[in-house]
Structure formats: structure tokens, C-alpha cells
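Undergrad: Pasted the sequence and its predicted model underneath.
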Amino acid sequence: MTGAAITRPELTHRAIAPTVLRLALPAVGMMACHFTFNLIDTMWVGRLVGAAALAAVSTGGFLIWVVLSLGEMMDVGLIAVAARRHGAGLPDHAARAAAGAVVAALAVGALTTVVGLEAIDPLFAVMQVPGEVAGLGRQYLETWLVGAPLVFGFFALEAAFRAAGDTRTPFVILGASVAVNAVLDPLLISGIGPLPTLGVHGAAAASVMVRGLAFVLLLAIAIRRRRLLHFGEPDWAAVPTMLKVGAPMALAGVLFSLIYVWLTRYTARFGTPALAALGIGHKMEGLGFIAITGFALSAGALVGQNLGAGEIARARRAVRMTLRYCLVVTTATALAFLAVPGVLVRPFTSEAAVIADSVRYLRIISIAQIGQSFELILEAAMAGAGYTVWPMLVSTSLTGSRIPLAAWWSRWGVTGIWWALSGTAVARGVAMTLFWRWGGWSQRRVAP
């Protein structure tokens, strides 16, 4: 089942509340699928291989986070350009821009693979993790990075669908991919039946194969059934504009990830259980992140199309409505982190020390769920308008403050590091709220 692209009247003229939900709910589902890929790897590796492998996949996930942040560069830029063209009633122009974006995304993904393979050893050296953890992490990352170009290409295709108002089609493709990955992971990790025992290699190989198939399927649908791509006449001139718009947010994501790498260095001082807890806590924090980012994706498309149609006031109302819906979900996850953290972390491990550190992480990070709702939704909304530089600078500065804060507060144990993460997340939410209320985003111009 696939969803027909929502035409211009849907996002720019119809009732806001149902439009937000129709666009946001499949986007939330898509983010759940993206999140679940690494979550499945983490859970199966933790259960079938052991704590060292769990720590390896968790810490190696920070390099993957760097890669995914770079992949979002073309994603964000394409939304800003193509959504405005759809909003202005120019779908052919949007399809030409999308075609250029997909080719550029594949090229950037290939370059990222080469650079990423060279960065693995320095990454683990900076984090100062135990040798066994670093060795297993290298195995996982070497395999995963081979599929980076396909991941980048899928992001660009997904953005082309979102810019047109269709979030259901990529959601269906991703949902099926996750189901296949959940079955394939344990088969390749443990070597069930005639399959070889690949360990952490198997977890990464399953993700690469499944993501590659998802890219091919979505590409076929975009070309043959949706006409969202026009490879016969790509708009190469729009690619620099998309890179310019998307680069600040991508850079912020990269720096955010690298800061986590440095925080891992501090966490490693408290042993492998603390490292595993950082990975588990980060994964569980992603439960709220799924909803936040899903609603944020819809906010970017809504702002882009409504600005393209000259509906600034409607763009503001749509973002307010999106925030209200998202807070219903993130308030619930925050309460769950406070009330039943043990229940949430036990599927990953049975080791008492890991569970104890993970429980403390979730309780401390619970308040950040609210701050991140404001931060990510408003940041994405401003990105949909093409306004990314100043929010990125402020957000990155606040994230960078985690390093000195963690160094200082770690004298009180690993809990001090958890507090550095939570407090800065709340501060970023306050900062993005001030940017949104100031309104400079509404005057931003991007290429027609």
C-alpha cells in the first residue's frame, strides 16, 4: 500500500489539525523504522554475543550517527527547495531538483564511506575503550559503512516524497525493511542453518542488505508511479543551494556526534558497564526522539510549502499545532523514564551493573524529552524556511558545553555526565524557542 502525494491544497489550505496528523504520523513511523535498525542490531548483539559486543555496537553507533548527520544534509536542503516549488504549484521543477539531490547524495555517500573507513581506528583511540570493544566495533563499522551511499540515497528519496506531502510511501517501505532486518539479524549473527556465524559482522551485513533493497524499491516508485524525480533534466543549479541550506544542520549533527565520542572517553573511565549503559540509555532516549523527529519532519514540509504559497501566518499555526501533538507523546515517554526505567532497559542486558547505570541515565534524561521537543521541531521548521545558520551555531555551542560540564561533573561519578547531557538539551530547547519567536526565519529566501 502506498500513499498518493498530497497536493498543494492539502498543506496550504485545508484544516491544519488533520493535515498535521496526516503528514506527521507516517513520519513518526519512518523515524521509528530508522531508529529500530540500530536498535535491533544492539539488542541481538547484546543477547547473542555479549556485553563487550553490546558496548562495541553502541559506541560504534556514534560514528554511524556522524554518517547519518551528513546524509541529512541533502535531505534538509531538498525539503527547503522542493517543498516551496510544490507549494508554488511547480511539481516538475521540484522533480528536477530531487533528481539532482539523489545523484549528489549517492556521491557524498561514497565519499563518506572512504573517509569513514579511515576514521574507525582514530575514533576508538579517542574514546579509549577497551581493546576487545574496539576490535568488535571495527568489525561492525567496516561492514556498515559499505552501505552508506544507499542510506544517503534513501534519505534524499524520502525527502522528495515528504516535500510533495507523501510520508506514507517511504514509511511502508521502511516498515517492511525493519521486519526483514529483525529476522535476518539473528540468522547472520549466530549462523543458523546453512548460514555462516558472522557475529557483529552479521548484524551490520543484515542492515546493509535490507537498506539497499529499500533504496531500490523507493527509487522505482518515485520514478514510475509518482513522477517525483526527473532524471532526464536534473536541476544541477539547485544542488549548491540545497547543500548551502542543509550544511549547517548536517554540521551541527556531526559536531553533536563527535561530542558524544569525547563524552564516551569520560564514560570509559567508569568501566564497560557504564559504556554499555551510555549506549542503552541513548537508544531508549530515542523512543521520544522518534516522535519528536517525526513531527519535526512534517513541520519542515508544512513551513516550506506554506511559505511558498505566501501563507506565513498559517505556517506559524501549523508549527504550534505540531508542537502540541508531539508534547503529548514526549510527556508520556518522560514519565515512563521516571517510573519504569528498569523495565525499559532489561531487554538489552541481564547484567546488574549495566542495568543500574542505565536506570540512572533514563531518570536524569527524562526532563530533556520536553526540551528536545521544542528544539528539534522548531529547528526543523526554520530549516523548512531555509533558516539554518544561526540556530546551528547556538545549538552547537550549547552542545559543545557538554564537554567541560561532563569533565567537571564527572568527579561525582558517571551520574554527573548524565546531568550534563540533560541540562544542555533543555537549554537548546529554550534557545530554539527564542529564535522562532524572533521570526527571522519568515524573511528567509531560497532559490525558486
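TA: Received the coordinates, thanks. Numbers count the residues shown, from 1 in each chain.

Undergrad: Phi and psi next, for Ala160.
TA: Dihedral pair for Ala160: phi -60, psi -40, per degrees, to the nearest 10.

Undergrad: how many other residues sit next to the closest residue in space to Arg227 that isn't next to it in sequence?
TA: Spatial nearest neighbour of Arg227, chain neighbours left out: Ala95 (6.3 Å); criterion: CB to CB, 6 or more residues apart in numbering. Where C-beta positions appear, they are placed from N, C-alpha and C, glycine not excepted. Here the number of neighbours of Ala95 (other CB atoms under 10 Å) works out to 27.

Undergrad: just Ala222 next, same as before
TA: For Ala222, the neighbour count with other CB under 10 Å is 25.

Undergrad: Could you report the separation of it from Ile173?
TA: Distance, Ala222 to Ile173, by CB to CB, to the nearest Å: 11 Å.

Undergrad: And Ser257, by the same measure?
TA: Noted for Ser257: a distance of 26 Å to Ile173, by CB to CB.

Undergrad: out of the two, which sits in the busier spot?
TA: Neighbours per residue, other CB under 10 Å: of Ser257 and Ile173, the larger number sits with Ile173, 23 against 20.

Undergrad: tell me which element the more buried one falls in.
TA: helix 168-190 (DSSP states H and E).

Undergrad: If you count contacts, what does that helix end up packed against?
TA: helix 16-48, helix 148-163, helix 200-224 (3 or more CB pairs under 8 Å, 6 or more residues apart in numbering; DSSP states H and E).

Undergrad: So which of those helices is nearest Met73?
TA: Taking CB to CB, helix 148-163 is the member of the helices and strands packed on helix 168-190 nearest to Met73, at 8.9 Å.

Undergrad: residues in contact with Val183?
TA: By CB atoms under 8 Å, 6 or more residues apart in numbering, no residues touch Val183.

Undergrad: That one and Gly199, how far apart?
TA: Look at Val183 and Gly199: by CB to CB, they are 18 Å apart.

Undergrad: Using just helix, strand and coil, how would you label Val129?
TA: Classification of Val129 using DSSP: H, G, I helix; E, B strand; the rest coil returns coil.

Undergrad: Wait, it touches Thr264, no?
TA: Yes - counting by CB atoms under 8 Å, Val129 touches Thr264, with 7.1 Å between them.

Undergrad: so what sits against both of those two?
TA: Thr59, Leu275.

Undergrad: so Leu344 is in which element?
TA: Leu344 is located in helix 341-345, with elements delineated by DSSP H and E.

Undergrad: same question, His230
TA: Short version, using DSSP H and E: His230 is in no helix or strand.

Undergrad: For it, which non-adjacent residue is closest in space?
TA: That would be Ala95: by CB to CB, 6+ apart, it lies 4.0 Å from His230.

Undergrad: I figured the one you found was touching Leu228, is that so?
TA: Yes - counting by CB under 8 Å, Ala95 touches Leu228, with 5.6 Å between them.

Undergrad: Find the residues that touch each one of these two.
TA: Listed as contacting both Ala95 and Leu228 by CB under 8 Å, 6+ apart are Ala160.

Undergrad: which residues touch Tyr325?
TA: Neighbour list for Tyr325: Val20, Leu21, Ala24, Phe295 [criterion: CB under 8 Å, 6+ apart].

Undergrad: Show me which pair in these is furthest apart.
TA: Greatest spatial distance among these (CB to CB): Leu21 and Phe295, at 9.7 Å.

Undergrad: Who has more neighbours out of these two?
TA: Ranked by neighbour count (other CB under 10 Å), Leu21 and Phe295 place Phe295 first, with 31 against 16.

Undergrad: Work out for me the element that one sits within.
TA: For Phe295, the element it lies in under DSSP H and E is helix 272-308.

Undergrad: how far off helix 16-48 does that helix point, in degrees?
TA: Angle of helix 272-308 versus helix 16-48, following axes from the mean of the first three to the mean of the last three CA atoms, to 10 degrees, is 160 degrees.

Undergrad: Return the set of buried residues in stretch 426-445.
TA: Neighbour-count burial for stretch 426-445, counted by 16 or more other CB atoms under 10 Å, picks out Val426, Ala427, Arg428, Gly429, Ala431, Met432, Phe435, Trp436, Trp441, Ser442, Arg444.

Undergrad: One more: stretch 30-46?
TA: Neighbour counts over stretch 30-46 (16+ other CB under 10 Å) mark 30-46 as buried.

Undergrad: Also stretch 329-337?
TA: For stretch 329-337, by 16+ other CB under 10 Å, it's Val329, Thr330, Thr333, Ala334, Ala336, Phe337.

Undergrad: The third one in helix, strand or coil?
TA: Read that as Thr333. helix.

Undergrad: Need the nearest residue in space to it, chain neighbours excluded.
TA: In this structure, Thr333 finds its nearest non-sequential neighbour in Gly288, 4.0 Å apart by CB to CB, 6+ apart.

Undergrad: Quick check: that neighbour vs Phe295, distance?
TA: Using CB to CB, we find Gly288 at a distance of 11 Å from Phe295.

Undergrad: List the residues that are in contact with both of the two.
TA: Common neighbours of Gly288 and Phe295 (CB under 8 Å, 6+ apart) do not exist.

Undergrad: circling back to that earlier point, rounded mean pLDDT for the helix holding Phe295, please.
TA: Here helix 272-308 scores 81 as its mean pLDDT.

Undergrad: Now do it: distance to the chain's middle.
TA: Chain-centre distance of helix 272-308: 6 Å, with CA atoms, centre = their mean, to the nearest Å.

Undergrad: could we number from 697 for the rest of this?
TA: In the new numbering, first residue 697, that becomes helix 968-1004.

Undergrad: list the contacts for Leu1019?
TA: Leu1019 neighbours (CB under 8 Å, 6+ apart): Phe991, Ser1069, Phe1070, Ile1073, Leu1074.

Undergrad: how far away is it from Ala1081?
TA: Note on Leu1019: its distance to Ala1081, by CB to CB, is 16 Å.

Undergrad: what's the answer for Asn734, then?
TA: Going from Asn734 to Ala1081 by CB to CB gives 30 Å.

Undergrad: Trp1115 too?
TA: Distance, Trp1115 to Ala1081, by CB to CB: 34 Å.

Undergrad: The two: who's more crowded?
TA: Taking neighbours as other CB under 10 Å, Trp1115 and Ala1081 compare with Ala1081 leading, 25 against 17.

Undergrad: Run a quick neighbour tally on the residue nearest to Ile1063 when sequence neighbours are not counted.
TA: Spatially, and ignoring its direct neighbours in sequence, Ile1063 is nearest to Ser1118 (5.9 Å; CB to CB, 6+ apart). If you count neighbours by other CB under 10 Å, Ser1118 ends up with 20.

Undergrad: Please apply the same query to Thr968.
TA: Other residues near Thr968 number 19, with proximity taken as other CB under 10 Å.
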